[in-house]
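*Asks:* need a structure here:
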Amino acid sequence: MHAASASDLLIWYDRHRRELPWRAQAGERADPYRVWLSEIMLQQTTVQAVKPYFAAFLARFPDVQTLAAAPSEAVMNAWAGLGYYSRARNLHACAQAVVARHGGQFPDTEGALRDLPGIGAYTAAAVAAIAFGRVAAAVDGNVERVMSRLHGLEAPMPAGRGAVAAHTLAIVPADRPGDFAQALMDLGATICTPRKPACALCPWQAPCRARHAGAQESLPRKSPKKERPQRHGVAFVVLRADQAILLRTRPPKGLLGGMAEVPTSAWSAKLDPSQIVQDQPVTASWLTANTPVRHVFTHFPLELTVLCARVPALTEAPESARFTTLAELDNEPLSSLMLKVIEAGLATLGVKRGESQASIDAKEHNG
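*Replies:* As a prediction, this is how the structure comes out:
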């Protein structure tokens, strides 16, 4: 069994490389800003999901200086729907650090990149290799899978990541480290997939230990997942007669930090009905949506019972809350969870996002 070579992988990559909006064309120099932005967006998110967000974000913030100068609310709004919102907060902080510490130019070494907010080992290695041609081992899930199978590594992830990084670094070619990093990503994404890998098409099929052992789909090993206890809560959708909905902003740090939301109760293991009266943001006659809204976070699944109510147009928002018209909701940094909650609440009230006030008044008069 001969050793895997970088040249075999790069020959395959030159023929089959994916065309991605953040990827430089063959022979062109990569833009560090686009590389960094794409790598942050791609964390925990698929390429297909990221593509439209990347284009819209780049149109709104075309360079690191524009992003650094933007209000945090604008950044969170542009990120809304991508999830893992701490990434957006760190993205903004990182842009400001690049401008303040480095004159608006990304540093070109792995170590200096790691000193920036929100940039971990993988992102620093990826940006250093792809944008600046540095020899670095950018180890993401795709690379873990490829290298674990190629070398038959049995140590479960994430404990075995160090061995993966060592094997990767040992084969990075000095003349094309960026292409090599992207080739490994493409190989894992398109050939060496989690299930039913296309081994017959792989440029490394001959030296692959897992293929020879018939163990492709059993590697990489994963550490047992911890149990994720279900949480429950109540979300309150309050619609004023002037088509304004009650919102508040979550604390800047923590889950969904800095995002807009309708008022909710605490999220806990059991739903305490007596707590609902205390948590309601306004006194109203509440209707319950037919089905709760369910959402899965990294560490726990959540089920929200949606209560909704209409209130008079002169109703004032409680402290630390605000009314936003339905027409202006697109300007609010709402997570996909809150969009589902609002949709459920409005549907229960018989209201559509784009509905006119006259139509709503007619429904109330007839109903």
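
*Asks:* Buried residues in stretch 74-85, which are they?
*Replies:* With burial defined by 16 or more other C-beta atoms under 10 Å, the residues of stretch 74-85 counted as buried are 74, 75, 76, 77, 78, 79, 80, 82, 83, 84, 85. C-beta here means a position set from N, CA and C on the backbone, and glycine is covered the same way.

*Asks:* wait, what's in contact with the second one?
*Replies:* Taking C-beta atoms under 8 Å, 6 or more residues apart in numbering as the contact definition, residue 75 lies against 61, 67, 88, 91, 92.

*Asks:* for the protein, what's the longest helix?
*Replies:* Taking DSSP state H as the assignment, the helix of the chain that covers the most residues is helix 86-102.

*Asks:* Please list the residues outside that helix that contact it.
*Replies:* Counting by C-beta under 8 Å, 6+ apart, helix 86-102 makes contact with 36-37, 40-41, 43, 64-65, 67-68, 70, 72, 75-76, 78-79, 82, 104-106, 116-119, 252-253, 257-258, all of which sit outside it.

*Asks:* swap the cut-off to 7 Å and go again
*Replies:* By C-beta atoms under 7 Å, 6 or more residues apart in numbering, the residues outside helix 86-102 that reach it are 40, 43, 64-65, 67-68, 72, 75-76, 79, 104, 106, 116-119, 257-258.

*Asks:* Any of those residues buried? List them.
*Replies:* A residue is treated as buried here by neighbour count (16+ other C-beta under 10 Å); on that basis the buried members of the contacts of helix 86-102 are 40, 43, 64, 67-68, 75-76, 79, 106, 116, 118-119, 258.

*Asks:* Mark which of those are part of helices, please.
*Replies:* In this view, the buried ones among the contacts of helix 86-102 that belong to helices under DSSP H are 40, 64, 67, 68, 75, 76, 79.

*Asks:* now, which of those sits nearest residue 138?
*Replies:* residue 40 (13.5 Å; C-beta to C-beta).

*Asks:* now residue 3, what's its secondary structure?
*Replies:* Taking DSSP: H, G, I helix; E, B strand; the rest coil as the rule, one finds residue 3 in the coil state.

*Asks:* That one and residue 208: what is the separation?
*Replies:* To residue 208, residue 3 is 11 Å away according to C-beta to C-beta, to the nearest Å.

*Asks:* what does residue 281 give?
*Replies:* Taking C-beta to C-beta as the criterion, residue 281 is separated from residue 208 by 58 Å.

*Asks:* of these two, who's got more company?
*Replies:* Looking at residue 281 and residue 208 with other C-beta atoms under 10 Å, you find the greater number of neighbours at residue 208, namely 22 against 16.

*Asks:* which non-adjacent residue is nearest that one?
*Replies:* Leaving out its chain neighbours, the residue that sits closest to residue 208 by C-beta to C-beta, 6 or more residues apart in numbering is residue 150, at 5.3 Å.

*Asks:* Pull out the buried residues from the strand or helix carrying that neighbour.
*Replies:* Assessed by DSSP states H and E, residue 150 sits inside helix 141-151. Neighbour counts over helix 141-151 (16+ other C-beta under 10 Å) mark 142, 143, 144, 145, 146, 147, 148, 149, 150, 151 as buried.

*Asks:* Where does pLDDT dip in the stretch 101-250 of the chain?
*Replies:* Along the stretch 101-250 of the chain, the model assigns pLDDT under 70 to no residue.

*Asks:* What segments of it are strands?
*Replies:* Assigned by DSSP state E, counting those that start in this stretch, the strands in the stretch 101-250 of the chain fall at 231-240, 244-249.

*Asks:* between the last one and strand 231-240, how big is the angle?
*Replies:* Strand 244-249 runs at 140 degrees relative to strand 231-240, counting by axes from the mean of the first three to the mean of the last three C-alpha atoms, to 10 degrees.

*Asks:* Would you mark the buried spots in strand 244-249?
*Replies:* Neighbour-count burial for strand 244-249 flags 244, 245, 246, 247, 248, 249 (criterion: 16+ other C-beta under 10 Å).

*Asks:* can you redo these as JSON lines with distance to residue 9?
*Replies:* Rendered in JSON lines, the data for the buried residues of strand 244-249 read as follows (distance: C-beta to C-beta, whole Å):
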{"residue": "244", "distance to residue 9": "56"}
{"residue": "245", "distance to residue 9": "52"}
{"residue": "246", "distance to residue 9": "55"}
{"residue": "247", "distance to residue 9": "50"}
{"residue": "248", "distance to residue 9": "51"}
{"residue": "249", "distance to residue 9": "47"}
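
*Asks:* So which of these is the closest to residue 321?
*Replies:* Residue 321 lies nearest to residue 248 out of the buried residues of strand 244-249, by C-beta to C-beta, at 4.3 Å.

*Asks:* Nearest spatial neighbour of that closest one, chain-adjacent residues omitted?
*Replies:* In space, and not counting its chain neighbours, residue 248 is closest to residue 321: 4.3 Å by C-beta to C-beta, 6+ apart.

*Asks:* can you check residue 228 too?
*Replies:* Using C-beta to C-beta, 6+ apart and skipping the chain neighbours, the partner closest in space to residue 228 is residue 300 (4.9 Å).
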